[in-house]
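In: Just the structure for this:
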Amino acid sequence: MKKFRRDFPILDSGIIYLDNAASSLTPEPVIQKMLEFYHDYRANVERGIHRFSQRASEEYEKAHAKVADFIDAESETEIIFTRNATEAINLVANGLNWKKGDKIVTSLIEHHSNFIVWLRLKKRYGVEVEIVKPNREGLFDVADFEKAIDNRTKLVALTHVSNVLGVKTPIEEVAKIAHNHDAHLLVDGAQSVPHLKVDVQRIGCDYLAFSGHKMLGPTGIGVLYARKELLDSLEPLSIGGGTIADVGLDYYTLAGSPTKFEAGTPPIAEAIGLGAAVDYLKEVQLENIEVHERTLVKRMYQGLADISIVEVYGPKKVEQRTGIVSFNVGDLNPHDVALALDVSADIMVRSGHHCCLPLTKELLKRNEGTVRASLYLYNTEAEVEKLVSAVDEIARELK
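Out: Got it, this is the predicted structure:
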């Protein structure tokens, strides 16, 4: 822990950073790798024959390969760089050929990025959207997906881990149900890929979207994994420079993947930084991160739940959740609680509806949202204890 915390000098100020579900911190090796690009071979990729461009292109292509290996994709051609997970999901939503009568199955606990895109298709094309609801803890009954997914279903879009409840969804079982009906599965992996070992072959998903800035990487870079058999039928969001194989006066031919999906000058430094973040996570080992977070979240959940006027949301069994705990302190507005934690204890958490209004309104019945504390590899037991103590102090002042 001491070794890894040294890579995050932003923590030296004494702050406790518990907003990792929104965006993680970035370690020095990732920053240095990005600076290497700017200092040593700053040039565009796939555009020049000179040494700077050749080196930049090599590092950019290597980043695709690192990500492919990280999630066990068959080939780097299945890895498409986007700006973030939101754009990756939108690429699928806008890249498939929809018609009236098609059906999409999603869930109540989705981030808006994996929810409103499907509502827009409903409005545009008359696509049917069916929403599967969990129980109060956010746990799903697989039988509900069996009822919802039928032969009209074209796509199932489901988060792997809820960014509010921390609950893990039954992705592998849903994948089998979807494929039995010739439907495809899109997984929002924004909250799982940084914290769990995600293997797209084992999961059986057809698409996987995630963001670099939640997994120790920079902002402005995301990933869409698309199974290679589906790449030809998926239309790019944008076309133009770099996406073509040939152009004539009245025709154009697009290149293969990922080139045809990455129009214009890509986020080169950010992609290289993402590759470095993958290297860092592989060194730490995701299995170790998962065990570390499970230990901390068990104490965090229990400590907060033991405070009489604090309501904690999500699964009670620690094995059913990741390192995310959402809660409220009595009738206090969650923004007031978050501000108090920052001012009085140097603890940074998130507050609000977390881009999950259907969940907070329909399931939690808290329109103003929740306070959310979320963990990562650099958080410690002492930091969790300080959070519990600070929340307890806020609660005492209400009594």
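
In: Per-residue pLDDT of the residue sitting furthest away from the middle of the chain, please?
Out: Distance from the centre of the chain peaks at Leu249, with 41.5 Å (CA atoms, centre = their mean). pLDDT, Leu249: 96.

In: Then Lys399?
Out: With respect to pLDDT, Lys399 scores 69.

In: on that earlier part again, against Pro236, how distant is the residue farthest from the centre of the chain?
Out: 22 Å (CB to CB, to the nearest Å). No exception for glycine: its C-beta is placed from N, CA and C like everyone else's.

In: Lys168 now?
Out: 32 Å.

In: residues contacting the nearest residue to Val297 once chain neighbours are set aside?
Out: Counting by CB to CB, 6 or more residues apart in numbering, Gly323 is the residue found nearest to Val297 once chain neighbours are left out, at 4.7 Å. When contacts are counted by CB atoms under 8 Å, 6 or more residues apart in numbering, Gly323 is found next to Asn20, Gly166, His195, Glu293, Arg294, Leu296, Val297, Ser374, Leu375, Tyr376, Asn379.

In: coming back round to it: where does the residue farthest from the centre of the chain land in three-state SS?
Out: coil (DSSP: H, G, I helix; E, B strand; the rest coil).

In: Number the chain from 294, please
Out: Understood, numbering begins at 294; the last thing we discussed is Leu542.

In: From Leu691, how far off is it?
Out: Between Leu542 and Leu691 the computed distance is 73 Å (CB to CB).

In: show me what contacts the residue farthest from the centre of the chain?
Out: By CB under 8 Å, 6+ apart, Leu542 lies in contact with nothing.

In: For Val584, the count of nearby residues, please.
Out: 11 (other CB atoms under 10 Å).

In: now Lys469
Out: Each residue near Lys469 was counted by other CB under 10 Å, and the total is 13.

In: Domains in the chain, by residue range?
Out: Per automatic domain parsing, the domain ranges recorded for the chain read 295-312+578-691, 322-576.

In: Please, where are all the strands along the stretch 394-543 of the chain?
Out: Along the stretch 394-543 of the chain, the stretches classed as strands by DSSP state E, counting those that start in this stretch are 396-400, 421-425, 446-452, 477-481, 500-504, 515-519, 537-540.

In: The ones you listed: lowest mean pLDDT?
Out: strand 537-540 - the lowest mean pLDDT of the strands of the stretch 394-543 of the chain, at a mean of 94.

In: what about it, distance to the chain center?
Out: 33 Å (CA atoms, centre = their mean, to the nearest Å).

In: Are there helices or strands packed against it, and which ones?
Out: Counting contacts by 3 or more CB pairs under 8 Å, 6 or more residues apart in numbering; DSSP states H and E, strand 537-540 packs against strand 545-547.

In: which residues sit against the strand it packs on?
Out: Here strand 545-547 makes contact (CB under 8 Å, 6+ apart) with Pro529, Ile532, Thr536, Ile537, Ala538, Asp539, Val540, Lys553.

In: Could I have the CA atoms of the helix or strand that that strand is followed by written out in CSV?
Out: As assigned by DSSP states H and E, the chain's next helix or strand after strand 545-547 is helix 561-577. The C-alpha trace of helix 561-577 is given here as CSV (Å, rounded to 0.1, in the frame of the first residue of the first chain):
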residue,chain,number,x,y,z
ILE,A,561,-3.1,10.0,-28.8
ALA,A,562,-1.6,10.9,-25.5
GLU,A,563,-4.7,9.8,-23.7
ALA,A,564,-4.6,6.4,-25.5
ILE,A,565,-1.0,6.0,-24.6
GLY,A,566,-1.9,6.9,-21.0
LEU,A,567,-4.6,4.3,-21.0
GLY,A,568,-2.1,1.7,-22.1
ALA,A,569,0.1,2.7,-19.2
ALA,A,570,-2.9,2.5,-16.8
VAL,A,571,-3.5,-1.0,-18.0
ASP,A,572,0.1,-1.9,-17.3
TYR,A,573,-0.2,-0.4,-13.8
LEU,A,574,-3.4,-2.4,-13.0
LYS,A,575,-1.8,-5.6,-14.3
GLU,A,576,1.1,-5.0,-12.0
VAL,A,577,-1.1,-4.5,-8.9
